[in-house]
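>>> Here's a sequence, model it:
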Amino acid sequence: MKSKNIRFLTYTAVMLAFTLLFQMARMLFPAPNAEYVTYIIGTLVNLSLIVAAACVNVWSGLIIALLAPIVAFFQGHAQLPLVFPIIVGNAAIVIGSALGFKSPSRLWIAFVSAPVKYALIALGMAAFMLVGLQGLPYSAALPTAFTKQLVQLITGLVGIVVAIPVVAGVRRVIKPL
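Below you'll find the predicted structure:
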């Protein structure tokens with residue numbers, strides 16, 4: 001196996017381990033504080049996706065974007081109908097970050113990817129609400145979904161802001177692929 005492939009697998013495995021560790025940290029906090037914990041953990045998971053995409057490559061980020069929601073489902077933190085929209089939303093922020101962190105002048109692409117992620121997940125939730133509630137008007141499902149998923153927008157944007165110095169530091173330490 002080539003050295004580049006070994007580094008890719010190693011970096012991706014480490015970033016996946018951080019992502020899953022962050023997701024499991026939810027168990028350390030008592031239930032009454034669940035609201036702020038969601039913002040902390042969501043930011044850390046987005047940070048992992050962004051760092052994987054910006055420091056390893058887009059494929060590393062996409063692997064983590066696929067696996068993290070599946071593991072979250074098995075941990076009981078994601079509902080099955082939302083797993084696919086979360087995967088698609090995560091892929092959006094990964095692709096945006098991979099493009100945006102290539103140079104400081106393109107960082108705006110990463111910041112645009114956070115609202116895209118939010119919209120994709122909220123639209124997915126609205127679609128499943130329409131199917132599940134049979135008869136709920138679209139005008140009620142859409143605002144409900146966008147309100148419930150607002151955390152995705154906030155944690156995505158904060159994750160990008162936190163990632164700026166983290167990516168710079170990680171790039172100084174790891175050997176690029």
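>>> And the strands in the protein, which stretches?
Counting by DSSP state E, the chain has no strands to list.
>>> Which helix or strand in it has the lowest average pLDDT?
helix 138-148 (a mean of 72; mean pLDDT, DSSP states H and E).
>>> Could you check how many residues crowd around L99?
Using other CB atoms under 10 Å, L99 has 18 neighbouring residues. Every residue, glycine included, has its C-beta placed from N, CA and C.
>>> what's near enough to touch the nearest residue to it once chain neighbours are set aside?
Using CB to CB, 6 or more residues apart in numbering and skipping the chain neighbours, the partner closest in space to L99 is I109 (4.7 Å). The neighbourhood of I109, defined by CB atoms under 8 Å, 6 or more residues apart in numbering, consists of 96, 99-100.
>>> Helices - which of the residues you listed land there?
Mapping the contacts of I109 onto helices (DSSP state H) picks out 96, 99-100.
>>> Would you tell me which one of the residues you listed comes nearest to M129?
Each of the ones in helices among the contacts of I109 was scored against M129 by CB to CB, and G96 proved nearest at 26.1 Å.
>>> so how far is L49 from the closest residue to the closest one other than its chain neighbours?
In space, and not counting its chain neighbours, G96 is closest to S113: 2.2 Å by CB to CB, 6+ apart. Between S113 and L49 the distance is 10 Å, computed by CB to CB, to the nearest Å.
>>> so what's in contact with these two at the same time?
93, 97.
>>> quick one: low-confidence ranges for the protein?
33, 131-141 (pLDDT under 70).
>>> can you tell me which helix in this protein is longest?
Looking across the chain with DSSP H, the single longest helix is helix 107-133.
>>> What's the separation between G169 and V162?
11 Å.
>>> So the two - more neighbours on which side?
V162 (16 against 12).
>>> tell me the contacts of that one?
43, 47 are the contacts of V162 under CB under 8 Å, 6+ apart.
>>> And for the closest residue to F101 other than its chain neighbours, the neighbour number?
Computed as CB to CB, 6+ apart, the closest residue to F101 that is not its neighbour in sequence is A54, at 3.6 Å. The local packing of A54 (other CB under 10 Å) involves 27 other residues.
>>> is it true that M24 touches Q75?
Yes: counting by CB atoms under 8 Å, M24 does reach Q75; the two are 7.0 Å apart.
>>> And stretch 67-85, end to end?
Length of stretch 67-85, first residue to last, CA to CA, to the nearest Å: 13 Å.
>>> wait, I meant stretch 168-177
16 Å.
>>> buried ones in that stretch?
V170 (16 or more other CB atoms under 10 Å).
>>> Turn the contacts of I109 into JSON lines, columns for distance to V45.
JSON lines is the format used below for those (distance: CB to CB, whole Å):
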{"residue": "G96", "distance to V45": "16"}
{"residue": "L99", "distance to V45": "20"}
{"residue": "G100", "distance to V45": "18"}
